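>>> Next input, structure requested:
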Amino acid sequence: MEYAGIADEAGEDLATQIRAHQELGWTHIEPRNIGSACITDLSDDEFDDALGRLSDAGQQIIGFASQLANWARPIDGDFQVDVDELQRAIPRMQRAGAKFIRCMSYPNRKENPLSDEEWGDEVVRRFQILAKQARDGGVTLVHENCHGWGSQDPAHALQFIERVDSPALKIVFDTGNEREIDTVDFFQAVREHVIHVHVKDWKRDSAGVVQECYPGEGDSGAREILVDLVKTGYGGILSIEPHMVAVVHLGKSADEDPEVAYTTYVEYGRRLMKLMDSITRR
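From the prediction side, this is the model:
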């Protein structure tokens, strides 16, 4: 099994991200933020520098963890922002040999939210454009079961894939994103469309409070999904996104507690490898 990670959870600066992956013995990385900017928002010179440093360090970019249609971009936002971001990303992905770009599917607007039908129609309209853009550029959009119309439940996820109807739209499944519905059931329903996996886990205490934890130690169903992936011959990469210290969508960066963020990220990777070793030996 190959491993990667959304490495800004180890540290915001690229040197720290590289060091964490080298300590783990990993040669793949899924960049999101480098410094204070998303990889898709770096200037051309900044991207060139980052790509060169990653290459020199033996790190292969597997995909971009972008901002497309994410939690900060509601359905009534400016669609051109996403078109422009994907347009910047595609040539960079081609140069880096990255095959996919992570996306979500637009949260509903908070004021006067659209009906489910209206929301879905606009999401599908936008993604048919983005998927064509991705296909023309030789890359794949991977939709995460996170924020947006297509992430509400398995039925919406499957309807989203079916209605956009493009080979350039697949699923990245996060093992720890679901709170209110069964994660394993969700995974099984969409399994045929999953080409990438994010590993996260959480525990719920007696008061119902959820706290992220190391992989396989929680209640999310992460272990069961990893077992299934091994049994079914999953050929992709497992990419960690611990959320135990740094949580970008909550405004918590690794730089708030750099030492803890770094050691937690590395320990998370080690525990995932140990867990996978135990599963494959079964």
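>>> Any buried residues in the strand ranked longest in the chain, and which?
Criterion DSSP state E: the longest strand present in the chain is strand 140-148. Across strand 140-148, burial judged by 16 or more other CB atoms under 10 Å covers Thr140, Leu141, Val142, His143, Glu144, Asn145, Cys146, His147, Gly148. Placement of C-beta: from N, CA and C, glycine included.
>>> Over to stretch 45-58?
Buried residues in stretch 45-58 (16+ other CB under 10 Å): Phe47, Ala50, Leu51, Leu54, Ala57.
>>> At which residues are the strands of this structure located?
Under DSSP E, the chain gives strands at 2-5, 28-29, 33-34, 37-38, 60-61, 63-65, 100-105, 140-148, 169-174, 194-199, 202-204, 210-212, 237-240.
>>> which strands and helices sit next to the fifth one?
Packed against strand 60-61 by the contact rule (3 or more CB pairs under 8 Å, 6 or more residues apart in numbering; DSSP states H and E) you find strand 28-29, helix 44-56.
>>> coming back round to it: let me have the strands of the chain in TSV, adding mean pLDDT and distance to Gly218 as columns.
As requested, those are exported to TSV (pLDDT from 0 to 100; distance: least, CB to CB, whole Å):
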stretch	mean pLDDT	distance to Gly218
strand 2-5	98	18
strand 28-29	98	24
strand 33-34	97	25
strand 37-38	96	28
strand 60-61	98	29
strand 63-65	98	22
strand 100-105	98	22
strand 140-148	97	17
strand 169-174	98	13
strand 194-199	98	11
strand 202-204	95	4
strand 210-212	95	8
strand 237-240	98	14
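>>> Next, format those as CSV and append distance to Asp185.
Output for the strands of the chain, formatted as CSV (distance: least, CB to CB, whole Å):
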stretch, distance to Asp185
strand 2-5, 26
strand 28-29, 29
strand 33-34, 32
strand 37-38, 32
strand 60-61, 32
strand 63-65, 26
strand 100-105, 20
strand 140-148, 12
strand 169-174, 12
strand 194-199, 14
strand 202-204, 17
strand 210-212, 18
strand 237-240, 20
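>>> To His249, which of the ones you listed lies closest?
Nearest of the strands of the chain to His249, taken as CB to CB: strand 140-148 at 8.1 Å.
>>> Neighbouring strands of that closest one in the sheet, and parallel or not?
Paired strands of strand 140-148, with direction, are strand 100-105 (parallel), strand 169-174 (parallel) (DSSP bridges).
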